[in-house]
Every structure is written in structure tokens, then in C-alpha cells.
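**Q** how does the following fold in three dimensions:
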Amino acid sequence: MSWLLYVLLAVPLTAVLLTFVDGWQLARAATALSGLICLGLAITIALEVRNGRVLTGAAGWLRVDSLGAVFLLATGLIYGIAGVFSVGYLAVDEHHAGFGSFARRYFVFLNLFGWTMLLVPLAADFGTLWVAVELTTIVSALLVAIDRTDAALEASWKYILIASSGLGIALLAIIILYATGTHVLGAEYVPRFTRFLAHAHQLSREAVALAFVLSVVGFGTKAGFVPMHTWLPDAHSEAPAPVSAMLSGSLLAAAFYAVLRFFQVAVATGQRSFAEHVLIVFGVIALVLASLSVIRQGNYKRLLAYSSIEHMGIIALGIGFGAPLAIAGALLHVITHASAKGLAFFGAGSLLRGYDTKQVEEVSDAAHRMPFTGPMFLAAALALCGLPLSGVFRSEFDIVTGGFSQPQYVGVTLLLIFVNIAFFGIIWHAGRMVLSSADSGRLQAQTTVAERSRWMIAGMLGLLFVVVALGVHLPGDLSALLSNASHRLELAS
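**A** Model (predicted):
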């Protein structure tokens, strides 16, 4: 079944080539189809590896196991829906001057972005993994700046500087890990994950611990860990809504996946307790800052960006708690957060098209004026806050339950406190935007507010279905996948 890996990587590149042929009619069809095909392939691959099987290809350079498949699913889901949503999102400006060239650039970079993020969980070694994550930085920075406004260019430049610095530290982590492996594997070798795990007992524990800390700082810069997070609110705020959804739902998770590969090596060398404590510290700090920042945000896209930092903190805590249920919950949270945050950013993009503003204070009565977008945006906000019957509630419940079983009382208590602070902040802002009535002056100024595209509505409905479905029932195949992936992190095998 290794052919699945080749097809998965070939489809987005084919869409890129078709976009050069025609930058709008053919490009939008190719992008939507490419995203949906990749989603289907990601699901197929996940089914293949759910019980412990490993798929390899390209003479061992490509490899995906159950852990990688979890992140492949999150990326495939957001890329698939983003392709559909983008058709309607761009169509709003179809009659503007220069639209053709803009659409071509957008679809080329969007498909390349999807390709780079699909490559991350397919990498079989630390070197390829680093290159893949670096490629996501290059392409996503171009997407952040695609509107060519002063704010977008500044956000993109800030993102490049900070992310590149972080990835430089991540490269140092790989160099240290490689150096300690030379004593066992020879002076020249490919730093495959499996090699390090097979010879973990012979590696220097101190070197592995140092490499892990550097990986958390380095890749954590891309994952949104505090204090390396400062690029994230600006980039998410200025990027087009589908790109923001991919940044939040897929890119942050892809960077965290790289950290987990270092975590596996640390566990295998007997440094599990140390690695878990590092993740708990970073997770708590991210949770505290993000929860407090959510309350005072006036820009609803920045609000969602800080919420992403909060949820990456939750995932880090779930892994750090160490209990099998908490780890499985954290991995499920990768998918549930991607679906809920994708829905939220798509809703934000639809609101932006309708109201032509990113300010919370300037959006009101969305439930009536945009009868599809308004309720779905509020539903996304409720899901992100852990509303029962949403997928996020299920994954957070597993993390908290697992934390109590360890027991990790301090960490769980902090998690509950600051998740509730974020809950009030998000619901306060989203509720005002969707449910509050507009005053007469503002109503006159916004007479053209309405739903802009059925394509955008269709994309949001697709993600809403996933958000609710994962809360109501966890499919047996997905449960098996999460269990096997959790087992890999527990035993580092």
C-alpha cells in the first residue's frame, strides 16, 4: 500500500500545475478536488495503520505509522475543506482588478502549503522532518503576505524571522541527537526515527534530554508555545481565512508532531519523567497567557489565534500527564481542535466578507443577518470552549480524567481554571457578535451584510458535522488508531 503515500504527495502538486494552466476556473476545481482526494487518502492511510502497521516508501525515506496518521488526518481534513471554502471566499472579489493573477498565486501557494504539511507526518527521519517543517514556513509566509497590505507584510516578515530562529534551534537539537548517535551508529548514517528507538539504551541520556528541550523551544516556536508565540496572532489575523484555518488547525499540530518524535526518543532513553515535566511547564504557560489574552481581544481573528495557543497548551499537558487516557485524549484533541478551529476561522472569514471588518465591536446581529454563518460561528466558539456533545469536550474530558488518574492534581486544576477563563472570554465576544442587536446607525452602515457564497456555507457545514459527530460518537477505527498511537508514545516503539 506504499502507493498511497506517492499519490497523496502527487495530488497537490498536480493541482499546482493545473493552476498554472488556468488561474481561476480550473484552479478552483483542481484545488477543491485535490483537498477532498487528500482527505480521502489520509483516511485510507489511517485505516491501514490503525492496528500497528507501518507504511513505507521511497526506499525508506517516507514512513507513516499510527502516530503520524493522527496528524495526517488533521491536515487532510483542513486542507480538504479549505479547498472548498476558498472557491466561495475568492469569488467575492472575482470582478476586482487584478483578480486573475491573485487567484493564481493564492491557489498555487495554498496547494503547496497543503503538500508541505502532508509531507511532515510522512518523513521517516529527523532531517527530512526538519526540511518539511521549514518548507511549511516558506510557503505559509507567502500566504500570510498575499494581500500585500502593510500589516500583512509586517506579519509575514515577523513570522519568518521568529520561525526561522526557532527552526535554527530545532536544527541544533537534531545535530546534538545525531552526534550522540555516532557513538552507536557510526560517523555517517541517516537519522531515522526507528534507528534511534532501537538503540536508545546506548544513547547519552543527558544529550537526549538537551536535544528534547531544544526541540520544544525550536519546533515549539512554530507550535505557538510561549514565549515564542508572538508571530502567531499577527499572522493568523492577516492571512486569508482559509489560510488561517490551515495555520491553526494543521501547521501548529505539524510542529508539535516534530516535538513528539523527540519525545519518543527521550522516553526510550529513560527520560520520560523529565520530558513530561518540560511539556507540562510549557503547556501551563501557554494556557495561562492565552486564556488571559482572549478576554481583552478586540479583533476576532486574533481572538481565535490566542485560542489556538491555549489549545496547543492543552495538548502539551495531555502528553505531559503521561496517563494512557490523557495521551489518547491529547491526540484526539489534535483532530477535534482542527475541526472546531477550522470551523471558527471559516466562520470568521465569512463574517469578514459580510461585515468587512475584523473588529468585534463592529459585528452584531449575525444570527439574523447571516443566518448560516452566525449560528455556525457561535457553534464553533462553543465547541472550542468544550461544550458537551462536541468533539473538543470528549478530548478534553479524556485529558482531565487521565490527569486525575496519574495523579496530576496541580496540572489538572490549572487546566480547568484557565480553560474556564478562556470559555468566558470566547463566549462573551462571540455571543455579542452573533446574538446582540445592532443599533440603527450601525444597521444603516451595514445594509449589504449577507451570506456571500454557498461554497463557504458548504465548507462550514462539513466541519460542523465533524465537530458534532466526534462528540456524539467516536468511531471504532479512530479509537483503535488513537490507542495504537498512544501506545507508541508510552513505550516509544
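**Q** mind pulling up the pLDDT for L185?
**A** pLDDT recorded at L185 is 89.
**Q** same deal with W231?
**A** For W231, pLDDT reads 92.
**Q** cool, and S440?
**A** S440 is given a pLDDT of 46.
**Q** use 193 as the first number from now on
**A** Shifting the count to begin at 193 puts that one at S632.
**Q** where does this structure have its least confident helix or strand?
**A** Of the helices and strands making up the chain, the lowest-confidence element is helix 632-637, at a mean of 48, by mean pLDDT, DSSP states H and E.
**Q** neighbours of V473, just the number please.
**A** For V473, the tally of surrounding residues (other C-beta atoms under 10 Å) stands at 16. Where C-beta positions appear, they are placed from N, C-alpha and C, glycine not excepted.
**Q** ugh, wrong one, L484
**A** 15.
**Q** once you drop chain neighbours, what's closest to it?
**A** Nearest residue to L484 in three dimensions, chain neighbours excluded: I613, at 6.8 Å (C-beta to C-beta, 6 or more residues apart in numbering).
**Q** could you do Y492 as well?
**A** In this structure, Y492 finds its nearest non-sequential neighbour in V552, 5.2 Å apart by C-beta to C-beta, 6+ apart.
**Q** and the one you found, how far from L495?
**A** Relative to L495, V552 is positioned 7 Å away (C-beta to C-beta, to the nearest Å).
**Q** which one of those two has more residues nearby?
**A** L495 (27 against 18).
**Q** let me know whether that one touches V486 as I believe.
**A** Yes: applying C-beta atoms under 8 Å as the test, L495 and V486 come out as touching, 6.0 Å apart.
**Q** what do these two both touch?
**A** 617-618 (C-beta atoms under 8 Å, 6 or more residues apart in numbering).
**Q** circling back to that earlier point, show me what contacts the residue nearest to L484?
**A** By C-beta under 8 Å, 6+ apart, the neighbours of I613 are 483-484, 486-487.
**Q** out of those, which end up buried?
**A** Among these, those buried by neighbour count (16 or more other C-beta atoms under 10 Å) are 483, 486.
**Q** mind listing the strands for this protein?
**A** For the chain, strands defined by DSSP state E occupy the ranges 247-249, 254-256.
**Q** out of those strands, flag the one nearest A238.
**A** Taking C-beta to C-beta, strand 254-256 is the member of the strands of the chain nearest to A238, at 9.0 Å.
**Q** show me the contact partners of that closest one.
**A** With C-beta under 8 Å, 6+ apart as the test, strand 254-256 has contacts from 194, 197, 237, 241, 246-249, 264, 313-316, 384-386.
**Q** about what we covered before: with mean pLDDT, distance to R453 and mean neighbour count added, can I get the strands of the chain in CSV?
**A** Converted to CSV, the strands of the chain look like this (pLDDT from 0 to 100; distance: least, C-beta to C-beta, whole Å; neighbours: other C-beta atoms under 10 Å):
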stretch, mean pLDDT, distance to R453, mean neighbour count
strand 247-249, 94, 16, 18
strand 254-256, 96, 11, 23
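**Q** figure out which of those strands is closest to L576.
**A** Nearest to L576, of those and by C-beta to C-beta, is strand 254-256 at 28.4 Å.
**Q** so how far is that closest one off the chain centroid?
**A** Chain-centre distance of strand 254-256: 20 Å, with C-alpha atoms, centre = their mean, to the nearest Å.
**Q** just stretch 346-362 next, same as before
**A** In terms of C-alpha atoms, centre = their mean, the centre of stretch 346-362 is set 17 Å apart from its chain centre.
**Q** where does pLDDT dip in the stretch 343-492 of the chain?
**A** For the stretch 343-492 of the chain, applying pLDDT under 70 flags no range at all.
**Q** what's the burial count for A530?
**A** The tally of other residues near A530 (other C-beta under 10 Å) stands at 29.
**Q** can you pull out the helices in the stretch 393-542 of the chain?
**A** With DSSP state H, counting those that start in this stretch, the ranges of helices along the stretch 393-542 of the chain come out as 397-415, 423-430, 433-438, 444-460, 464-487, 492-513, 516-547.
**Q** show me what the shortest one is packed against.
**A** Read that as helix 433-438. Contact here means 3 or more C-beta pairs under 8 Å, 6 or more residues apart in numbering; DSSP states H and E; on that basis helix 433-438 packs against helix 258-283, helix 291-311, helix 318-336, helix 492-513, helix 516-547.
**Q** before we move on, what about the fifth one?
**A** Here helix 464-487 touches helix 397-415, helix 444-460, helix 492-513, helix 601-627, going by 3+ C-beta pairs under 8 Å, 6+ apart.
**Q** any idea which of those helices is most buried?
**A** The highest mean neighbour count among these, using mean count of other C-beta atoms under 10 Å, belongs to helix 492-513: a mean of 27.
**Q** so what's the gap between it and the chain middle?
**A** For helix 492-513, the separation from the chain centroid amounts to 10 Å (computed by C-alpha atoms, centre = their mean).
**Q** overlap of the contact sets of V552 and L495?
**A** By C-beta under 8 Å, 6+ apart, V552 and L495 have these common neighbours: 489, 621.
**Q** okay, now the unreliable bits of the stretch 493-642 of the chain?
**A** For the stretch 493-642 of the chain, the ranges with pLDDT under 70 are 630-639.
**Q** and if we set it to 50?
**A** 632-633, 635-636 (pLDDT under 50).
**Q** these two touch, right, P563 and A642?
**A** No: counting by C-beta under 8 Å, P563 sits too far from A642 to count as a contact (9.4 Å).
**Q** show me the contacts for G583.
**A** Going by C-beta under 8 Å, 6+ apart, G583 touches 524, 527-528, 531-532, 575, 658-663.
**Q** ok, so of the residues you listed, who is nearest G594?
**A** Looking across those and measuring by C-beta to C-beta, the closest to G594 is L524, at 11.2 Å.
**Q** if I look at that closest one, how far off is L495?
**A** Distance of L524 to L495, computed by C-beta to C-beta: 24 Å.
**Q** excluding sequence neighbours, find me the nearest residue to T320.
**A** Residue nearest to T320 in three dimensions, not counting chain neighbours: W253, with 6.3 Å by C-beta to C-beta, 6+ apart.
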